[in-house]
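S.K.: Whatever this is, show me its structure:
(one chain, ligands or ions: 1)
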Amino acid sequence: MTLLKGKNGLIVGVANDRSYAWHIAKALTEQGATCAFAHIPGEKNERRTAKAASKIQQDPWLCPCDAGSDDDLDNLFAKYKADFPTMDFLVHSIAFADRDWLKVGMFSKTPRKAFLDAIDISAYTLSAMAGRAQEQMAANGGGSIMAMSYYGAEKVVPGYNIMGVAKSCLESTTRYLAYELGEHNIRVNTISGGFLRTLASSAVGGIDSVEQAIVNKAPLRRGVEGSDVGKTAVFLASDLSSGISGENLYVDCGVNIMGV
Ligand SMILES: NC(=O)c1ccc[n+]([C@@H]2O[C@H](COP(=O)([O-])OP(=O)(O)OC[C@H]3O[C@@H](n4cnc5c(N)ncnc54)[C@H](O)[C@@H]3O)[C@@H](O)[C@H]2O)c1
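M.R.: Residues are numbered from 1 along each chain as shown. All right, here's what the predicted structure looks like:
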């Protein structure tokens, strides 16, 4: 299990051991990588992320960061650079939208601020992080950046609302970053993950009720597991995906291919 031996990287988005980012960090670590973790500022959040990260790595490196703050982002990337010789991968696994507007019938009522906040935290931050990672990645011959998306970027998922718009923005941002950073051998991709019960997914109104329907629809006849996405993240962080950039990889047990 040494596909990623000697590689280091930053994971943004571990809230607990159900987070997609946790499953990704676990899979990367199992392949020999060393992960550093960012967490939302605040003692409780630090404790929560530390507890989850400790299940993967001994004495995990942690740094607070509200991705909505440029100062926090500057601090995170400067501290990482001071402590790690390379940044071989960067995992963006964060999203935010005010749950009041993640309800069926509320999309057209969404206030400007809630709309823009969702795009800021869920999409703009990928560009903000990639820009800050560029120098360290380029100095070591390149790197792999990946972000988590969802099928609601392309098709209407009732209640997903502004998150769907933000995910479309995230996927487009990925393609523009892939073009711009490609000259440094930095690859940028999204993983379109299937529905997984997490803090974030519980904010989407009515999503629970469609969980079984999603499983019934899936060609693989099951729901996605965090480890399915973790294994894809290993592929994207490793040299096995050296020619892949700007792509959106579905890890949803095949749900996206179905018409009905
Ligand atoms: N769970 C699903 O069904 C599903 C499916 C596809 C894609 N995704 C995506 O996966 C990613 C991770 O979500 P998850 O389901 O693991 O839920 P999660 O709640 O475990 O993770 C969301 C993370 O976003 C972080 N976050 C929110 N606002 C932030 C901010 N201002 N600054 C820094 N971090 C912030 C939270 O702290 C948390 O760690 C998200 O992009 C989500 O949209 C989730």
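S.K.: now what about the worst-scoring helix or strand of the chain on mean pLDDT, what contacts it?
M.R.: Among the helices and strands of the chain, helix 211-217 carries the lowest confidence by mean pLDDT, DSSP states H and E, at a mean of 88. By C-beta atoms under 8 Å, 6 or more residues apart in numbering, the surrounding residues in contact with helix 211-217 are 194-195, 197, 221-223, 255, 258. For glycine as for every other residue, the C-beta is placed from the backbone atoms N, C-alpha and C.
S.K.: buried stuff in it?
M.R.: By neighbour count on 16 or more other C-beta atoms under 10 Å, the buried set for helix 211-217 is 214-215, 217.
S.K.: how about the contacts of helix 211-217, which pair is most distant?
M.R.: Arg197 and Met258 (21.3 Å; C-beta to C-beta).
S.K.: so what's Ala36 bridging to?
M.R.: With DSSP bridges as the criterion, Ala36 is bridged to Leu10, Trp61.
S.K.: contacting residues around it?
M.R.: Taking C-beta under 8 Å, 6+ apart, one finds 8-11, 60-63, 80, 83-84 in contact with Ala36.
S.K.: do the same with Ile207
M.R.: Ile207 is in contact with 157, 159-160, 195, 201, counting by C-beta under 8 Å, 6+ apart.
S.K.: could you dump the contacts of helix 211-217 to TSV with neighbour count?
M.R.: As requested, those are exported to TSV (neighbours: other C-beta atoms under 10 Å):
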residue	neighbour count
Gly194	23
Phe195	22
Arg197	13
Arg221	10
Arg222	12
Gly223	18
Val255	20
Met258	10
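S.K.: near the ligand, from those?
M.R.: When contact is defined as C-beta under 6 Å from any ligand atom, the contacts of helix 211-217 meet the ligand at Phe195.
S.K.: for the contacts of helix 211-217, which one is nearest Gly42?
M.R.: When the contacts of helix 211-217 are ranked by distance to Gly42 (C-beta to C-beta), Arg197 comes first, at 23.5 Å.
S.K.: Which other helices and strands does the host helix or strand of Leu181 contact?
M.R.: According to DSSP states H and E, Leu181 maps onto helix 161-181. On a contact count with 3 or more C-beta pairs under 8 Å, 6 or more residues apart in numbering; DSSP states H and E, helix 161-181 meets helix 112-119, helix 125-139, strand 143-149, strand 186-193.
S.K.: Need the winner for burial among these.
M.R.: strand 143-149 (a mean of 27; mean count of other C-beta atoms under 10 Å).
S.K.: which bits of the protein sit near the ligand?
M.R.: Residues of the chain lying near the ligand (C-beta under 6 Å from any ligand atom): 13-15, 19-21, 40, 65-68, 93-96, 121, 148-150, 193, 195-196, 198-201.
S.K.: Is it possible to mark the buried ones in these?
M.R.: Neighbour counting by 16+ other C-beta under 10 Å classes 13-15, 19-21, 40, 65-67, 93-96, 121, 148-150, 193, 195-196, 198, 200-201 among the residues of the chain next to the ligand as buried.
S.K.: Let's see which of the residues you listed end up in strands.
M.R.: In strands, defined here by DSSP state E, the members of these are 148-149, 193.
S.K.: which residues of the stretch 151-260 of the chain score low on pLDDT?
M.R.: In the predicted model, the stretch 151-260 of the chain carries pLDDT under 70 at residues 208.
S.K.: what about 80?
M.R.: Within the stretch 151-260 of the chain, the ranges that satisfy pLDDT under 80 run 206-210.
S.K.: Identify the residues contacting stretch 56-76?
M.R.: With C-beta under 8 Å, 6+ apart as the test, stretch 56-76 has contacts from 10, 12, 22, 25-26, 29, 34-42, 45-46, 49-50, 53-54, 79-80, 83-84, 94, 117, 120-121, 125, 128-129, 132.
S.K.: Cool, thanks, signing off.
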